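[1] what's the 3D shape of this:
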Amino acid sequence: VTVIHIGTADEATKKARETGLARLEDGFSGKHKGLAFDAFEVVRTPRQNRDGTTHTAEHALILVLTLPRPLQRTTQLRSRNIGWHKTGDAEGLDKVSLESNDFDDAFRVRSDDQVEARFVFTPDVMARMLDLAHGEQIRATAQDDHLVIAFEGPNRFDLTSEDTGLEGDAAIRLAILQIGEMLDLVDAVAEVFRLD
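    Next up, the predicted model:
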């Protein structure tokens, strides 16, 4: 997979790259419903803690959508119970109230353009994000001509995963389901921009 780094990495990401604490796997790239996307997993490798215990690997599915036209402003979204990806970017961003109380309970959104924030994060887009997250944490940024979404959670697309205990046909069906949910989200974003 070709990975394009958008923007400047934060210090933790730079350190992880330099020290080998993170790796990329399971890359997908393509165009669906007229919308180009890249998807890959970032895996932070297990680490030995000072007390001798092992900190398990953490996974995040990163979905990068290339929008057909650039956005004018910046909008960020996060699950309610986690911090913002880059707290320093908060200057000039105001809280956005969402159209659905259910989504308002689950997410925090901030932007320097309330209308554009609601244009990108429609109820359908957010519902598809929740479907793909399966209760795990989400962070997203819509800026310029990219929408980048990070889904924390289990190791996805793994046909031999110890996490699920599945193998053979069952593991293949789960991976296909996960890919389908990812493409459903691409569909919803394509619909926002009226693509086909």
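[2] Measure how far stretch 59-75 is from the centre of its chain, please.
    9 Å (C-alpha atoms, centre = their mean, to the nearest Å).
[3] tell me which residues of that stretch are tucked away?
    Going by neighbour count (16 or more other C-beta atoms under 10 Å), the buried part of stretch 59-75 is His59, Ala60, Leu61, Ile62, Leu63, Val64, Leu65, Leu67, Leu71, Arg73, Thr74, Thr75. For the C-beta atoms, the positions are set from N, CA and C on the backbone; glycine is no exception.
[4] Most widely separated two among those residues?
    Spatially, the most separated pair among the buried residues of stretch 59-75 is His59 and Arg73, at 30.6 Å (C-beta to C-beta).
[5] and the nearest residue to Arg44 once chain neighbours are set aside, what does it touch?
    Sequence neighbours aside, Glu58 is the residue nearest to Arg44 in space, at 4.5 Å (criterion: C-beta to C-beta, 6 or more residues apart in numbering). Glu58 makes contact with Val43, Arg44, Glu152 under the criterion C-beta atoms under 8 Å, 6 or more residues apart in numbering.
[6] Among these, which has the minimum pLDDT value?
    Least confident entry in the contacts of Glu58, by pLDDT: Arg44, with 73.
[7] which is the next helix or strand following the worst-scoring helix or strand of the chain on mean pLDDT?
    Within the chain, judged by mean pLDDT, DSSP states H and E, the helix or strand with the poorest mean is helix 11-19; its value is a mean of 51. For helix 11-19, the following helix or strand on the C-terminal side (DSSP states H and E) is strand 22-32.
[8] In its sheet, which strands sit next to that following strand, and in what direction?
    Looking at strand 22-32 with DSSP bridges, its partner strands are strand 35-44 (antiparallel).
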